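# With the input below, show me the fold.
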Amino acid sequence: MKYIKIGIIVIFLIVAVIFTYNWYQDKRAIDKTYPEIQMGSELLEVSVKATDEDFLKDVIARDAKDGDLTNSIIVESVSQFIDKKNHICKVTYVVEDSDNNVTKATRNIKFIDYEKPKFTLSQPLCFNIGSEISISDVIGAIDEYDGDISHKVKILSSTVSNKTAGAYTVTAQVTNSLGDTSKLKATVVIRQGNNLSPVIELKQNIVYLKKGQNFNAKKYIKSVKDKDGNAMSTDAVSVVSSSVDTEETGYYTVAYAVNSEDYAEDATYLAVVVEE
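Residues are numbered from 1 along each chain as shown. Predicted coordinates:
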């Protein structure tokens, strides 16, 4: 019996040695070479609407063991701007071979049609005295690269009071995922207001113009209704004041009213931003 036990132990040790040797040989056989990523150019020009397919243009990958791995390349990330003036970022590619060897590579990309984030207004920046005012619910933002980024809007300062009629200032800021920031220093009007005033609806509540661009305030009037909700002719609406100067960048307002002689009660305001 003693010899049988010894024999079993010896056999077990032999099997263990053989298994360990084979395992070691298999480990030595694993490919330790890394895939190579090659790119056609150091700078790739793309649209802000570019997809991963666009980012992967003229990018290939090869591996000594696996061969062509081009279809396995993925876009890992797009950095924030490294050159804001020229709208240049870095894109990072990654590829992995069958032995889990990972290679990464980066190159610069330039967005050829990039524009800074723009603010949106869910309603004109005018409120009646005594009304509840939540500026953060009114001011949003959109971005050509990120889409709707209203949740990123921050109100930096506000002098608005709903107790006294007048013009007040609010400053908002938003930053997109590329690290570009836009600011808006806007005018908020607190008006007398009453339930008998006509209601003017605009096609847009904020308009962005390029410096020198023509501006026609009347074309932004969408509709007007009387106190009972009946449609009125838009010809009844007058542009009672406008500070817009398209030759100078800045923020401007346009006031529309039906009763131009007493527009403090029923005026609606369009925000206009003139950019370079």
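
# C-alpha from now on. contacts and neighbour counts both.
OK.

# which residues touch the most centrally placed residue in the chain?
Taking CA atoms, centre = their mean, the centroid of the chain lies closest to Asp146, which sits 2.7 Å from it. Listed by CA atoms under 8 Å, 6 or more residues apart in numbering, the contact partners of Asp146 are 176-177.

# How much space separates it from Ser47?
13 Å (CA to CA, to the nearest Å).

# my guess is Tyr256 meets Thr234, correct?
No: in this structure Tyr256 lies outside contact range of Thr234 using CA atoms under 8 Å: 10.8 Å.

# Looking at these two, which is more packed in?
Tyr256 (25 against 16; other CA atoms under 10 Å).

# list the contacts for that one?
200, 237-241, 263, 267-269.

# Just list whatever residues bridge to it.
Val239, Thr268 (DSSP bridges).

# Which of the contacts of Tyr256 lies at the shortest distance from Lys90?
For the contacts of Tyr256, the closest approach to Lys90 (CA to CA) belongs to Tyr269, at 41.7 Å.

# What count of nearby residues applies to that closest one?
Residues contacting Tyr269 under the criterion other CA under 10 Å number 26.

# now it: how far from Lys154?
22 Å.

# Equivalent analysis for Ala141, please.
For Ala141, the distance to Lys154 (CA to CA) stands at 10 Å.

# what do the two both touch?
Common neighbours of Ala141 and Lys154 (CA under 8 Å, 6+ apart) are Val174.

# Looking at the two, which one has more neighbours?
Neighbours per residue (other CA under 10 Å) separate Ala141 from Lys154, with Ala141 holding more: 21 against 16.

# could you say what helices and strands the strand or helix carrying the more buried one packs with?
Using DSSP states H and E, Ala141 sits within strand 139-143. For strand 139-143, the elements it packs on are strand 118-121, judged by 3 or more CA pairs under 8 Å, 6 or more residues apart in numbering; DSSP states H and E.

# hmm, who's touching the helix or strand following the strand it packs on?
Downstream of strand 118-121, the first helix or strand assigned by DSSP H and E is strand 126-128. Contacting residues not belonging to strand 126-128 are listed as 133, 162, 188-194, 268-269 [CA under 8 Å, 6+ apart].

# For the nearest residue to Tyr208 once chain neighbours are set aside, give me its contacts.
Spatial nearest neighbour of Tyr208, chain neighbours left out: Val273 (4.8 Å); criterion: CA to CA, 6 or more residues apart in numbering. By CA under 8 Å, 6+ apart, the contact set of Val273 is 206-209, 249-252.
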